[in-house]
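Engineer: Pasting a predicted model and its sequence here:
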Amino acid sequence: MPENDSQASDAKGWFNRTVAGAGITSALGDFCYETTTVILPGFLAVLGIPAAILGFIEGIADAIASFTKMFSGYIADKLGHRKLLVLIGYGLTPLGQILIALSAGWVLILLGRMVSWFGKGLRGPLRDAIVIQAVSPTTRGRAFGFHRAADTVGAVLGPLLGVALLGLAQGWHWEDAAGPFRFVLWLSVIPGVLAVLAFLLLVQDPQHTPNPALKFFSTLRGLPVRFKRYLGAVGVFGIGDFSHALLILAATTLLAPSMSMVQAAQVAGLLYVWRNIVQVAVSWPVGWLADRAGHLPVLVAGYFLGVATAASAALAFWFAVDSIIVLAGIFFFAGLYVAVQEALESTVTADMVQAETMTMGIGVLGTVNGVAKFVSSATVGLVWTVVSPEVAFTLAAGFMLAGTLAILRVRG
């Protein structure tokens, strides 16, 4: 068969049952835990738990998810049981929601968040590896673009419905102020359970041969040098890749002088929804473009968009911008670069490592990203508080630019 005919056949076959099932599962999973993310601060407030505890809970949960990714990839490559582990990971999310819904203090909330985020770290690399092997190398970008778009649909609809249900439930009679929050938390268990069923029934794990002789540390040391350079570049970029909760805070702070604080917070929240909508809209086209132009070059272009986002946020503070249109432009850039980053970092990894250690490679990538982003958000937040937001976002842009320039040096 001529090469063009083969590529056309591959292109027609990328949207298969496994890709569709993984997308539906991720949308339902995000719907479940992102609903909790948006109402958790208010839930803690009505329980009388201080904001410092929220930061502690989220930091511990993120750290658990980050380190679990590396070990889950190793276990899957060693045992060959990826689908079972993914199902367990998705099942832990609604279990964590139940623990949070039952909580009357911060300890059970911490435990629930830890359980959910352990499940998130367990399933992520394994699910990505299944999607990668379910399609040809020439269509990985499109498959991952669709998957990330579906995932983000859940991240958009979950918070919106959660806030709407919370507003509806507040008009009902409850024994205490936490009642409406518990109501939403219990409802969020439903899409979590449906996510498990969707993955069980729709996703088929391609043949994955167990490798019982696989050793964790020797495998890490044996990863290709090119991939290690890539991880280093991703890590440096990640040190500047701050949580976009700080971007919401930035918009709120900039808008507050021209409107009430409540209105500023509402507009900032809508700007974040706009960012997610942009990500949904461009994720598949980004994958399509990467399949044609190359995954690594498109990822580099996305990283430059990340630099532009951080630099624009710094400039917005330098010039005290309070224009919603200008801020919407910054959130637009944010949606673009996150779409590229989430769709292509794993596919670039798959191009650099051997098939028998691909799941572990994706897990290591997730760990590097998680640790770097934890450092980034803590650093940007600290510099914002101690010095100024202008300096904080400028510092972030500097690290992101350094990572982008480093990834340009990654060669075949």
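Structural biologist: Structure's in. What do you need?
Engineer: looking only at pLDDT, what's the mean for stretch 402-412?
Structural biologist: Computed over stretch 402-412, the mean pLDDT rounds to 85.
Engineer: Looking at the residue positioned nearest the centre of the chain now. What's its pLDDT?
Structural biologist: Residue closest to the average C-alpha location in the chain (CA atoms, centre = their mean): residue 342, at 7.1 Å. For residue 342, the model assigns a pLDDT of 87.
Engineer: Output the below-cut-off pLDDT ranges for the stretch 1-150 of the chain.
Structural biologist: The model of the stretch 1-150 of the chain has pLDDT under 70 over residues 1-13, 38, 41-42, 50-52, 54-56, 58-59, 80.
Engineer: quick one on the thing from earlier: which non-adjacent residue is nearest the residue nearest to the centre of the chain?
Structural biologist: In this structure, residue 342 finds its nearest non-sequential neighbour in residue 148, 4.8 Å apart by CB to CB, 6 or more residues apart in numbering. Every C-beta, even on glycine, is put in place using the N, C-alpha and C of the backbone.
Engineer: Hmm, the one you found is touching residue 282, no?
Structural biologist: No - Residue 148 lies out of contact with residue 282 (CB atoms under 8 Å); the separation is 9.7 Å.
Engineer: what touches both of those two?
Structural biologist: By CB atoms under 8 Å, 6 or more residues apart in numbering, residue 148 and residue 282 have these common neighbours: residue 339.
Engineer: Centre of the chain to whichever strand or helix holds residue 277, how far?
Structural biologist: Here residue 277 is covered by helix 261-293, with elements defined by DSSP states H and E. Helix 261-293 sits 13 Å away from the centroid of its parent chain (CA atoms, centre = their mean, to the nearest Å).
Engineer: Next, the buried residues of that helix.
Structural biologist: Residues of helix 261-293 classed as buried under the neighbour-count rule (16 or more other CB atoms under 10 Å) are 264-265, 267-269, 271-272, 274-280, 282-284, 286-291.
Engineer: give me the number of residues near residue 139?
Structural biologist: A count of nearby residues for residue 139, using other CB atoms under 10 Å, gives 22.
Engineer: right, I mislabeled it, should have said residue 325
Structural biologist: Neighbours of residue 325 (other CB under 10 Å): 7.
Engineer: tell me which strands and helices the helix or strand where it lies is in contact with?
Structural biologist: Using DSSP H and E, residue 325 sits in helix 324-352. Of the remaining helices and strands, those touching helix 324-352 by 3 or more CB pairs under 8 Å, 6 or more residues apart in numbering; DSSP states H and E are helix 106-133, helix 140-169, helix 225-240, helix 245-255, helix 261-293, helix 295-318, helix 358-386.
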